[in-house]
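Any chance you could fold what I've pasted below:
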Amino acid sequence: MKKIIMTCIAVAMLVAAFGRVEACTGITLTAKDSARIVARTIEWGGSELNSQYVIVPRGHTQRSYVPGYTLDGMELVAKYGYVGLAVEQKEFVVEGLNEVGLSAGLFYFPGYGKYESYDENRKQQCVTDFQLVSWILGTCATVDEVKETVPQALVVAIDPRASTVHWRFADASGRQVVLEIVDGEPRFYENKLGVLTNSPGFEWQMTNLNNYVNLLAGTAQPRTWGAASLASFGAGSGFLGLPGDVTPPSRFVRAAFYQTTAPLSDTAEDAIRQGFQILNNFDIPVGVEFADGKVPANIPSATQWTAATDMTNRIIYYRTMYNSAIRRIDLSQIDFVHTSYYVAPLDKVKEQPFVLVEVPE
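Numbers count the residues shown, from 1 in each chain. The predicted model follows:
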């Protein structure tokens, strides 16, 4: 009974958090050594997300939740071991990588998705949206397998008050797709650009990029308008008009521009650093998502953590709002046959120390 009560509390907190911040930003990079990187932020800054990482061995079995907060859904058996980053409770993995190089991530998608209605008679086929990432990471090795596997399940929400979500899946070959469930039907979109944010749908976001065809890296050239001579005030005028607000369409355009104009990194680690640098532009400070006069959440940032995944070398990197030091989990160092299921917070101490720089006397 205590476990069920705690689960209800966790889901209620997740629902509340969903209602506050509508932001996640994802990008994709490739290095000269052919390493393939996906990186993303996660927000939902209405409350502390209790973020943690989980190590899931091969053969681990869990049960999916269904509406009513009961564990009566599909049995999820991990064919592949994986590492996931979870929110609120260990079962709710929202970003992860498995041992064969498949990456999966969940992104907020309010107002546009619609899952199929829950059917009590099909509960053994049901997977809650917040456990779909876990199921896919434990089951699939490639994007093709993801596309074959998802339609076999009935994807449902635990709580009808929560927003729908959509997902990004990428494999070691570099292929990437976006999954959106609309009117109960799963729809896959090839994501050759490698950018994802939130609503509206992915196709609309790609079409909207045409509104910014005038943007270019660098500085606009001087020109004349009649007798008037015009010149840039400084560097960067080529992307004057790039949207700077935190709405999903604006972040999608900005992420696409920064990603495609970024120089090609030499190595995977260089690309990881580049990914974190690009995503610095998408950190959302606490306060902007609240109306005037409202009290912000008592956390350092609306952007709670940023992660970058090296699918080629099987490494997940992350930093948090509490500690900007980049940490990594190397899947090649984990024996997924013999390891035990393991859960730990992303931050053991929620306060980054300030390091005193030594100066000569």
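
any weak-confidence spans in this protein?
Filtered on pLDDT under 70, the chain yields the residue ranges 1-22, 45, 293.

In space, what's closest to Ala104 - neighbours in sequence excluded?
Among residues not flanking Ala104 along the chain, Val133 sits closest, at 4.5 Å (C-beta to C-beta, 6 or more residues apart in numbering). (Glycine included, C-beta is placed from N, CA and C.)

list the helices and strands the one helix or strand the one you found maps to packs on?
Val133 belongs to helix 132-139 when elements are defined using DSSP states H and E. Packed against helix 132-139, as judged by 3 or more C-beta pairs under 8 Å, 6 or more residues apart in numbering; DSSP states H and E, are the following elements: strand 52-56, strand 75-77, strand 82-86, strand 93-98, strand 103-108, helix 143-149, strand 165-170.

Give me the distance from the last one to the chain's centre.
The gap between the average C-alpha position of strand 165-170 and the chain average comes to 8 Å, counting by C-alpha atoms, centre = their mean, to the nearest Å.

just use 513 as the starting number from now, easier for me
In the new numbering, first residue 513, that becomes strand 677-682.

Direction included, what does it pair up with?
Strand 677-682 has its sheet partners listed here by DSSP bridges as strand 615-620 (antiparallel), strand 688-694 (antiparallel).

List the strands paired with the helix or strand that the first one is followed by, with their directions.
From strand 615-620 onward toward the C-terminus, using DSSP H and E, the following helix or strand is strand 638-640. The strands that strand 638-640 pairs with in its sheet are strand 666-668 (parallel) (by DSSP bridges).

Touching the strand it pairs with from outside, list them.
Under the criterion C-beta atoms under 8 Å, 6 or more residues apart in numbering, residues 578-579, 585, 627-628, 630-631, 634, 637-641, 644, 693, 698 lie in contact with strand 666-668.

returning to that earlier point: which one, of the helices and strands packed on helix 644-651, ends up nearest to Gly730?
Smallest distance to Gly730 across these (C-beta to C-beta): 30.0 Å, for strand 677-682.

got the angle for that closest one vs helix 644-651?
Counting by axes from the mean of the first three to the mean of the last three C-alpha atoms, to 10 degrees, strand 677-682 points 30 degrees away from the direction of helix 644-651.

Can I get strand 677-682 in CSV, CA atoms only?
Below are the C-alpha coordinates for strand 677-682, written out as CSV (Å, rounded to 0.1, in the frame of the first residue of the first chain):
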residue,chain,number,x,y,z
VAL,A,677,4.7,13.2,-25.2
HIS,A,678,6.6,12.3,-28.4
TRP,A,679,9.9,10.4,-28.8
ARG,A,680,13.2,10.5,-30.6
PHE,A,681,14.9,7.2,-31.5
ALA,A,682,18.4,7.0,-33.1
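
hang on, the earlier thing: taking the contacts of strand 666-668, tell me the two that lie furthest apart.
Across the contacts of strand 666-668, no pair lies farther apart than Pro579 and Pro698, at 19.2 Å, counting by C-beta to C-beta.

can I get the strands paired with strand 677-682 in TSV with distance to Val725?
Supplementary listing: these in TSV, determined by distance: least, C-beta to C-beta, whole Å:
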stretch	distance to Val725
strand 615-620	25
strand 688-694	22
